[in-house]
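Undergrad: Take this sequence and fold it.
(2 chains)
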Amino acid sequence: MGLLDYYRQFQGLSDEEVSDELRQVAAERRARALERLEPLDLSNTTWFELPPSTVVNAVTYIARRGLHRYIDPHAAELRGELAAALAMPAEQVVVGNGAAQLLGAAVHALMEPGDELVTPWPSYPLYPLLARRARGSAVPVPGFGAEAILRAINDRTRVVTVCNPHDPTGAFLDGAEVEALLEQLPERVVVLLDEALIDYADVPREASLALLETHPRLIVFRSFSKAWGLAGLRCGYAVGGPESSTLLERLEPELGVNELGQAGVLEALRASPRVVARRVETVAAERERLVGELRALGCNVPDTQANFVWVEARGIDGAEFAARLQRAGVIVAGGARFGDPSRVRAAVQTQAAGERLLSAVRNSLG
Amino acid sequence: MKTDPTDTGGLFISRRPGTRPIKYRRLPERGSAARQTFDTALALSLAGLMIFINLLFWGPLPAGWLWIGARVFYWTDSVGFGIFVSFLGLLLTLIGALAVLKRIDHAWILVRRASGRDQRSGIIGPIFATTAVVGGTAFTFWLIFIGGLGSSIMPGQQ
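TA: I've put the predicted structure just below:
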């Protein structure tokens, strides 16, 4: 390096480049900013990432085109797309404002005052609420399985709701078990199979749909809120057998599903299956690892087919466990709202999120 | 937080404040300790040169151009032209000297950095202010007590 070049290398430097002290201050400032970790919310079962940009674009396009008209109340295009994806006739598919709305409509259509809705318990707290709104009563059945449900059936039972995979435990009834349940139920009992989380299960998604042909008292409900990550669009669908058309018609919202929701879901169906498959793959690998690690830490964790783990820390109440985890920066859902105050439900996301959960559990148990 | 559009559904999400990666250009390589000592001395010399040039503004340069103006008056027998040459020459010399001072100041910054100092700005301002006080005071003293005004303020002097 020449004499002048030696000195020229010192020109055009920023203050931080000139000063060791300023560089150190900047690095410390950044390290402090990075040290601050946002709380990790594992209390919801919805997908944690933003929807694909193509879905957002489709919704934006419809919004900008104009929302001043009424739309097709039967969502024919979306039903057609769903029917093609499910290999079912479009007449057997009904689109609603989320699976919850369709479930509510089904319970309302089926139950008379005094009727009973049987549901495994602990479970999704919406089912007892739906029964009460229909002026019936809910019969929570401890455990999860056909036998437990059948024991609770009586003359007043009109509806059986089964969340499959089961929220919050992650347990799963395979096609044969569902069929066995259907065949042993009395004639007047209708099974509402809530498959909002079916995308996460390591089983063929068509198993329950195959039963529809021969079991008119089965209605399957699915959602775009969970693995599809479109909870804000409030869109779900129900599928029934050829003889369920009368009931299916009663589930449909009177003036249809909002246009934005239809557009987003339609685009997701056409463009995002690979995105969903990737998410499901991530969750499947991570939940297996988490279940193993949590058991190794002494927690009681059942096998799960959903995107969450149902954790009991031995010797610690669920609410206390959730509070400890929250102090460690991880928010989970307390089990009390599902009917088991001794446990918590933690969503399975990425490996990094899993590591934070495990670290928080270690801190909470230590 | 993920900020890559491929991780955020194509939507822009900015970083949390203060977490931007810090990137510097390749920092200069300083010389040996001896080289840095030499650069310290060189920086002092440049500062001394700047002081010297600044002091020239307050005596030698005006005096020199007044002498030249007097010579022009002698050659042309025009006092106006002599004053014009003196003031124009002084003004141009001042502007030129300031340009030179600025270059020296820039060189001084680089040499100070090379000597290992955290040098972020130049020294031309403080030097100019200090020499203005010192030079202005000295010129005023000369003007009143020694130079042209002396004979009228102090009647005993010629």
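Undergrad: and the spatially most central residue of chain B, what are its phi and psi?
TA: The centre of chain B sits closest to B:I124, judged by CA atoms, centre = their mean, with a distance of 3.5 Å. Reported as degrees, to the nearest 10, the phi and psi values for B:I124 are phi -60, psi -40.
Undergrad: so who does it touch?
TA: Shown in contact with B:I124 (CB atoms under 8 Å, 6 or more residues apart in numbering or on different chains): B:50, B:101-102, B:105. (Glycine included, C-beta is placed from N, CA and C.)
Undergrad: just A:T157 next, same as before
TA: A:115-118, A:139, A:186, A:188-189 are the contacts of A:T157 under CB under 8 Å, 6+ apart.
Undergrad: Quick check, A:L193 in contact with A:H215.
TA: No: when contacts are counted by CB atoms under 8 Å, A:L193 is not listed as touching A:H215 (10.2 Å).
Undergrad: Between these two, tell me which one has more neighbours.
TA: Set side by side, A:L193 and A:H215 show more neighbours around A:L193, with 25 against 22, by other CB atoms under 10 Å in any protein chain shown.
Undergrad: Helix or strand: which one has the more buried one?
TA: Element membership for A:L193 (DSSP states H and E) is strand A:190-194.
Undergrad: Contacts for that strand next, please.
TA: A:99, A:103, A:106-107, A:110, A:124, A:158-164, A:178, A:181-182, A:185, A:208, A:215, A:217-221, A:247.
Undergrad: Wait, B:L42 touches B:V111, no?
TA: Yes: if you go by CB under 8 Å, B:L42 and B:V111 touch, sitting 5.1 Å apart.
Undergrad: Those two - which one has more neighbours?
TA: Each of B:L42 and B:V111 has its neighbours counted (other CB under 10 Å); B:V111 has more, 23 against 17.
Undergrad: In space, what's closest to the more buried one - neighbours in sequence excluded?
TA: Nearest residue to B:V111 in three dimensions, chain neighbours excluded: B:A43, at 4.5 Å (CB to CB, 6 or more residues apart in numbering or on different chains).
Undergrad: how does chain A divide into domains?
TA: Listed domain ranges for chain A are A:40-49+A:274-365, A:53-271 (source: automatic domain parsing).
Undergrad: mean confidence score for the shortest one?
TA: Looking at domain A:40-49+A:274-365 alone, the average pLDDT works out to 95.
Undergrad: and the end-to-end length of it?
TA: 18 Å (CA to CA, to the nearest Å).
Undergrad: ok, now stretch B:24-41?
TA: In stretch B:24-41, first residue to last residue: 29 Å (CA to CA).
Undergrad: Off-centre distance for stretch A:314-328?
TA: Taking CA atoms, centre = their mean, to the nearest Å, one finds stretch A:314-328 lying 23 Å from the centre of the chain it belongs to.
Undergrad: from the stretch 251-366 of chain A, which residue is nearest to chain B?
TA: A:V275 (8.9 Å; CB to the nearest CB).
Undergrad: Quick one: residues contacting that residue.
TA: Here A:V275 is in contact with A:P52 (CB under 8 Å, 6+ apart).
Undergrad: Next, count neighbours for the closest residue to chain B within chain A.
TA: Of all residues in chain A, the one sitting closest to chain B is A:S53 (2.5 Å; CB to the nearest CB). Residues lying near A:S53 (other CB under 10 Å) number 16.
Undergrad: Could you check the pLDDT of it?
TA: 86.
Undergrad: wait, isn't A:E21 in contact with B:D118?
TA: Yes: between A:E21 and B:D118 there is a contact at 6.6 Å, judged by CB under 8 Å.
Undergrad: Helix or strand with the lowest mean pLDDT in chain B?
TA: helix B:150-153 (a mean of 56; mean pLDDT, DSSP states H and E).
Undergrad: list the helices and strands the helix or strand harbouring A:L129 packs on?
TA: Using DSSP H and E, A:L129 falls within helix A:126-133. Here helix A:126-133 touches helix A:98-110, strand A:116-121, strand A:137-142, strand A:157-163, going by 3 or more CB pairs under 8 Å, 6 or more residues apart in numbering or on different chains; DSSP states H and E.
Undergrad: So which of the contacts of B:I124 is surrounded by the most neighbours?
TA: B:M50 (23 neighbours).
Undergrad: would you say it is within a helix?
TA: Yes: under DSSP: H, G, I helix; E, B strand; the rest coil, B:M50 sits within a helix.
Undergrad: To what extent is the closest residue to A:L67 other than its chain neighbours buried, counted in neighbours?
TA: Nearest non-adjacent residue to A:L67, counting by CB to CB, 6+ apart: A:E259, 6.4 Å away. By other CB under 10 Å, the residues close to A:E259 number 19.
Undergrad: likewise A:G2?
TA: Around A:G2 there are 7 residues (other CB under 10 Å).
Undergrad: How far does the longest helix belonging to chain B sit from its chain's centre?
TA: In chain B, taking DSSP state H as the definition, the longest helix is helix B:79-114. Its chain's average C-alpha position is 9 Å from that of helix B:79-114, according to CA atoms, centre = their mean.
Undergrad: And the next helix or strand past it?
TA: Next element after helix B:79-114 (DSSP H and E): helix B:124-141.
Undergrad: quick one: buried residues of that next one?
TA: B:124, B:127-128, B:131, B:135, B:139 (16 or more other CB atoms under 10 Å in any protein chain shown).
Undergrad: try stretch B:116-126
TA: Applying 16+ other CB under 10 Å to stretch B:116-126 flags B:116-117, B:119, B:122-124 as buried.
Undergrad: Dump the residues you listed to CSV, plus pLDDT and distance to A:R295.
TA: Supplementary listing: those in CSV, determined by pLDDT from 0 to 100; distance: CB to CB, whole Å:
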residue, pLDDT, distance to A:R295
B:G116, 90, 59
B:R117, 90, 61
B:Q119, 92, 62
B:G122, 94, 68
B:I123, 94, 70
B:I124, 93, 73
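Undergrad: Show me the two of the residues you listed that sit farthest apart.
TA: B:G116 and B:I124 (21.6 Å; CB to CB).
Undergrad: Now for residue 67, how many residues are close by?
TA: Assuming you mean chain A. Residues near A:L67, counting by other CB under 10 Å: 11.
Undergrad: ah, I was thinking of chain B
TA: 11.
Undergrad: wait, what's in contact with the residue nearest the centre of chain A?
TA: Centrality entry for chain A: nearest residue to the mean C-alpha point is A:K226, 3.4 Å, by CA atoms, centre = their mean. Listed by CB under 8 Å, 6+ apart, the contact set of A:K226 reads A:45-47, A:196-197, A:199-200, A:307.
Undergrad: What helix or strand is it located in?
TA: A:K226 belongs to no helix or strand, assigned by DSSP H and E.
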